[in-house]
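# Okay, here's the prediction I keep looking at, along with the sequence it came from:
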Amino acid sequence: MPLTAPARTRHLSYGGRVNVEVTPLPGIGVRKDFALRTGQRIGVINHRDGAIELIISRADDPDACVASIPLTVDESATLGNLLGAPQLVAQLTEEHKDLPGIQTKQLPIEDNSPYDGRTLGDTQMRTRTSVSVVAVMRAGQVHPSPGPDYTFTSGDLLVAVGTSEGLGAAAKVLKNG
Amino acid sequence: MEADNTALSLIQLGAVFFSLGVLGRLAQRVGMSPIPLYLLGGLAFGNGGVIELGNIEEFTHLAAEIGVVLLLLMLGLEYTATELFTGLQRSWLAGLVDIVLNATPGAALALLLGWGPTAAFVMGGITYISSSGIIAKILNDLGRTGNRETPVVLSILVFEDLVMAAYLPTLTAVLGGISLLAGLRAVGISLFVVTVVLVVAMRYGRYVSAVLFSEDREIFLLKLLGSALLVAGVAAAMQVSAAVGAFLLGIAIAGPAARSATRVLEPLRDLFAAIFFVVFGLNTDPRDIPPVLAFAVVLAVVTTITKVATGWWAARRQGIGPLGRARAGASLIARGEFSIIIAGLAVSAGAVEARLAALATTYVLIMAALGPIAARVVEPAVRAIRGTPAPKPAQ
């Protein structure tokens, strides 16, 4: 049996653009990474005990790592939001570019927000600001079209669509109640 | 005087553990494996050493056996049966190269010294098997878990550990000095048992885990240790070797049970394994070392080169660059617990040269100390040779 790389690793494809290599690490867990345009590799190691490590390879030696950073569940979720939300906003902005006056913006539920632990319905967002919440980013995952009983927790990123005044008002609502 | 004896035993045992603790701290300071220092500790305490310990022999003998069982049980816990099978599929060729390159020097030296075929079989095993424990620690300490050559290193280790599951029962049969036919039958039976257990572990491992698992630490520990010693004892009675029995049990335990088993057993393993290394050192007469020192050094040099070659070759097949190949090779150099387990079996069976114990101790002393150092310095060394500057440290 040939021992070429495809035989040892599984490839996952995201949107046909990036090939993620999935390599088992016996006794440790699984490594998932992909090559950047620069030739560097970036990815994660999912340890068997549930720990997650962010790995980035060296520029001059893509086999070795310049950094392996252990992340807690909260940290990796936050990182996922930071990386994923602008992407979603950019995509929605692109889709709304034919409708002048409509903007897309991400609005965070901060630690001291009065809506931490309360529902979307409680905010009366549409009645008060005419803004629609089209998605919520939580733990690196997109929750599309949240209903009125969707409960927020701090760290959520709301993707909201509306006029620029409406969005400004919505940000104040989420911050001050 | 029974009470006086007990008091003396406690004092001796306490002194041994305390000095091992001090030695372990020293090892940690300089960033090396504690195994060579434990062996040195054993040499110092034992026959012909600085202090002789007579009273605790019975206890340490049994404790050393438990140490071997726990070492192998914990090794088995690290892998699932599926991982072992896919590992075998992926790395069999590299694994075979590993056997040929690294068992040959040890076996050849034993034959050259006129120690006979049994000793050659033992020495081959000693120089072949890398130390999973030391190497796992090296990869972790040097932050190499995410490196591309690391799966290559790990799959070679998995292959070696599987080879041990066949080698140790065979060794037990060979050391037993039984006739060729009976020996072959014993080996056949043990290989059959090993295969059956592996298949059962793969299919029904979760039932084994379910029977053993308990939320309560104390109950879990007792059930775990009890079953490990039972399985090891039965395996030994069937000539399959106690260590392999424990290894197979470890493989059968999977999932959350395996993870909490690792946590529960770790301190016990550290304690009993330390005794195991000390006892092996105790049984070696330090006066035997100078005559075999030169041979041990030659063997160390040769098998360092052959291990590096194995890692280099295996990594190159996976398309890893020269630096990664060198890292893979250097990571594999360390020999440790397994070599001592093999030597220990041979010496306690009394079927080999007395000098073999001294040679094995010296060899493992060198290789266990050299392995982590080599893994650390290989990168700057290769960069210096190739004339490439060291990378700037991460901001």
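Arrived safely. Everything numeric here is computed off the predicted structure, so don't read it as measured data. Residues are numbered from 1 along each chain as shown, chains lettered A, B, ... in the order given.
# residues touching the residue of the stretch 101-250 of chain B found nearest chain A, list them.
At 3.4 Å from chain A, B:Gly146 is the closest residue in the stretch 101-250 of chain B, using Cβ to the nearest Cβ. Where you see a C-beta, it was placed from the backbone N, CA and C, and this is true even at glycine. Shown in contact with B:Gly146 (Cβ atoms under 8 Å, 6 or more residues apart in numbering or on different chains): A:Arg31, A:Asp33, A:Gly43, A:Ile45, A:Glu53, A:Ile55, A:Ser57, A:Cys65, A:Ser68.
# Read off the pLDDT value for the fourth one.
Going back to what we said before, that points to A:Ile45. A:Ile45 is assigned a pLDDT of 92 by the prediction.
# what's the answer for the second one, then?
With respect to pLDDT, A:Asp33 scores 91.
# now B:Gln395
39.
# what does B:Ala390 give?
So, for B:Ala390, pLDDT stands at 60.
# So which of the contacts of B:Gly146 wins on neighbours?
In terms of neighbours by other Cβ atoms under 10 Å in any protein chain shown, the contacts of B:Gly146 top out with A:Cys65 at 28 neighbours.
# Identify the residue nearest B:Thr262 in space, chain neighbours excluded?
Excluding its sequence neighbours, the residue lying closest to B:Thr262 (Cβ to Cβ, 6 or more residues apart in numbering or on different chains) is B:Leu77, at 5.4 Å.
# How about the residues of chain A by chain B?
Counting by Cβ under 8 Å from any Cβ of the partner chain, chain A comes close to chain B at A:1, A:3, A:5, A:7-8, A:23-28, A:31, A:33, A:41, A:43, A:45, A:48-49, A:53, A:55, A:57-68.
# low pLDDT regions in chain B?
B:1-3, B:46-54, B:178-180, B:388-395 (pLDDT under 70).
# Spell out which residues of it are next to chain A.
Checking chain B against chain A by Cβ under 8 Å from any Cβ, the hits are B:78-79, B:83-84, B:86-87, B:89-91, B:93-94, B:136, B:143-151, B:154-155, B:157-158, B:259, B:317-321, B:323-324, B:327, B:388, B:391, B:394.
# Can you tell me which of the residues you listed are buried?
Using 16 or more other Cβ atoms under 10 Å in any protein chain shown as the burial test, the residues of chain B next to chain A include B:78-79, B:83-84, B:86-87, B:90-91, B:94, B:136, B:143-151, B:154-155, B:157-158, B:317-318, B:320-321, B:323-324, B:327 as buried.
# Please flag which of these sit within helices.
Cross-referencing those against helices under DSSP state H gives B:78, B:83-84, B:86-87, B:90-91, B:94, B:136, B:150-151, B:154-155, B:157-158, B:317, B:323-324, B:327.
# in chain A, what spans have low per-residue confidence?
Applying pLDDT under 70 to chain A picks out residues A:1-17.
# could you redo the last one with a cut-off of 50?
A:1-8 (pLDDT under 50).
# Could I get the full set of strands for it?
Assignment of strands within chain A using DSSP state E yields the ranges A:10-14, A:18-25, A:29-35, A:41-47, A:52-57, A:65-71, A:103-108, A:132-138, A:141-144, A:157-162.
# follow-up on the earlier one: check the gap between the residue of the stretch 101-250 of chain B closest to chain A and B:Gly255 for me.
Note on B:Gly146: its distance to B:Gly255, by Cβ to Cβ, to the nearest Å, is 24 Å.
# go on, A:Leu25?
17 Å.
# Neighbours of residue 128, how many?
Answering for chain A, as no chain was given. Residues near A:Arg128, counting by other Cβ under 10 Å: 13.
# Please refer instead to chain B.
Neighbour tally, B:Tyr128, other Cβ under 10 Å: 28.
# That one and B:Ala107 touch, don't they?
No - using Cβ atoms under 8 Å, B:Tyr128 is not in contact with B:Ala107; the gap is 9.0 Å.
# Pull out the buried residues from the lengthiest helix in chain A.
In chain A, taking DSSP H as the definition, the longest helix is helix A:73-95. When burial is assessed from 16+ other Cβ under 10 Å, helix A:73-95 yields the following buried residues: A:Ser76, A:Ala77, A:Thr78, A:Gly80, A:Asn81, A:Ala85, A:Leu88, A:Val89, A:Leu92.
# and which of these is nearest chain B?
Ranked by distance to chain B (Cβ to the nearest Cβ), the buried residues of helix A:73-95 are led by A:Ser76 at 14.9 Å.
# surely that closest one meets A:Ile52?
Yes - the pair A:Ser76 / A:Ile52 is scored as a contact, 5.0 Å apart, by Cβ under 8 Å.
# Between those two, which contacts overlap?
A:Val44.
# Assign B:Ala165 to helix, strand or coil.
helix (DSSP: H, G, I helix; E, B strand; the rest coil).
# Looks like it contacts B:Val194 (just checking).
Yes - the pair formed by B:Ala165 and B:Val194 meets the contact definition of Cβ under 8 Å, at 5.2 Å.
# So which of the two has more stuff around it?
Neighbour count, other Cβ under 10 Å: between B:Ala165 and B:Val194, B:Ala165 has more, with 24 against 21.
# so who does that one touch?
B:Val194, B:Val244, B:Phe247, B:Leu248.
# Wait, a strand at the first one?
No - assignment of B:Val194 by three-state DSSP gives helix, placing it outside any strand.
# Find the residue closest to A:Thr78 in space, skipping its chain neighbours.
A:Gly155 (6.5 Å).
# what sits against that neighbour?
A:Asp74, A:Ala77, A:Thr78, A:Asn81, A:Pro108, A:Ile109, A:Arg138.
# Next one: it from A:Val161, what distance?
21 Å.
# still on that earlier bit, and which of the buried residues of helix A:73-95 is nearest B:Val30?
A:Ser76 (35.1 Å; Cβ to Cβ).
# can you pull the contacts of that closest one?
Residues counted as contacts of A:Ser76 (Cβ under 8 Å, 6+ apart) are A:Val44, A:Ile52, A:Leu54, A:Gly140.
# Any idea what the second one is bridged to?
Each beta-bridge partner of A:Ile52 is listed here, defined by DSSP bridges: A:Asn46, A:Leu71.
# right, and it touches A:Pro70 too?
Yes - with contact defined as Cβ under 8 Å, A:Ile52 reaches A:Pro70; the gap is 7.4 Å.
# Compare those two and say which is more crowded by neighbours.
A:Ile52 (18 against 12).
# Tell me who's in contact with that one.
A:Val44, A:Ile45, A:Asn46, A:Pro70, A:Leu71, A:Val73, A:Ser76.
# Also B:Ala300?
Here B:Ala300 is in contact with B:Tyr363, B:Ile366, B:Met367, B:Leu370 (Cβ under 8 Å, 6+ apart).
# sorry, back to before: which one of the contacts of A:Gly155 is nearest B:Lys223?
Closest to B:Lys223, out of all of the contacts of A:Gly155 and judged by Cβ to Cβ, is A:Asp74, at 35.1 Å.
# List the residues that contact the closest one.
A:Gly155.
# if I look at it, how far off is A:Ile52?
A:Asp74 is 11 Å from A:Ile52, by Cβ to Cβ.
# coming back round to it: how much space between the residue nearest to B:Thr262 and B:Gly205?
For B:Leu77, the distance to B:Gly205 - Cβ to Cβ - is 11 Å.
# Overlap of the contact sets of the two?
With Cβ under 8 Å, 6+ apart, B:Leu77 and B:Gly205 have common neighbours B:Ile251, B:Ile253.
# When these two are compared, which one has more neighbours?
Neighbour count, other Cβ under 10 Å: between B:Leu77 and B:Gly205, B:Leu77 has more, with 24 against 21.
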